[in-house]
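Asks: sequence first, predicted coordinates after that:
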Amino acid sequence: MRIELNGKPVDLPDGATVRDAALAAGVEPGGRGVAVALDGEVVPRGQLEGTGLSEGQRVEVVAAIGGGAR
C-alpha cells in the first residue's frame, strides 16, 4: 500500500501499522520526544502497534532533537 510519510509517498506492506511507518521514517517509535500523527491526529504511544494503516493515509513522524543556547 502507498501512504504519505512526512510529505513523501512511501510503499509499505499490506497490514502495516503506524509503528511500521515510524520505523520507515528512521525513528524508533515510542521513544522520548517522538510524536506520530495519522491524518492530523496524534496517535498515543501505546496505540502505535495496534493502529493499522490504509491506502492513502498521511503519517507525520516528528522527533525532538535536544540542544540549547550556549
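Replies: Received, thanks.

Asks: okay, the residue nearest the centre of the chain: pLDDT?
Replies: For the chain, the residue nearest the mean C-alpha position is Ala22 (3.6 Å; Cα atoms, centre = their mean). pLDDT for Ala22: 95.

Asks: one more: Gly67?
Replies: At Gly67, the model reports a pLDDT of 65.

Asks: same check, this time on Gly31
Replies: The predicted local confidence for Gly31 is 77.

Asks: can you point out the helix or strand that includes it?
Replies: Here Gly31 sits in a region with no helix or strand, counting by DSSP states H and E.

Asks: one step back: if I pick the residue nearest to the centre of the chain, what's in contact with it?
Replies: By Cβ atoms under 8 Å, 6 or more residues apart in numbering, Ala22 lies in contact with Glu28, Pro29, Val34, Val36, Leu48, Val59, Val61. All C-beta spots, glycine's among them, are computed from the backbone N, C-alpha and C.

Asks: need the contact list for the nearest residue to the third one once chain neighbours are set aside.
Replies: The shortest distance from Val34 to any residue other than its chain neighbours is 5.1 Å, reached at Ala63 (Cβ to Cβ, 6 or more residues apart in numbering). Residues near Ala63 by Cβ under 8 Å, 6+ apart: Val27, Gly31, Gly33, Val34.

Asks: ok, back up a step: ok, now which ones touch the nearest residue to the residue nearest to the centre of the chain once chain neighbours are set aside?
Replies: Spatial nearest neighbour of Ala22, chain neighbours left out: Pro29 (3.7 Å); criterion: Cβ to Cβ, 6+ apart. Contact analysis of Pro29 by Cβ under 8 Å, 6+ apart lists Val18, Arg19, Ala22, Leu23, Val36, Arg45, Leu48, Val61.

Asks: tell me the secondary structure of Pro29, please.
Replies: coil (DSSP: H, G, I helix; E, B strand; the rest coil).

Asks: from Leu5, how far out is it?
Replies: To Leu5, Pro29 is 13 Å away according to Cβ to Cβ, to the nearest Å.
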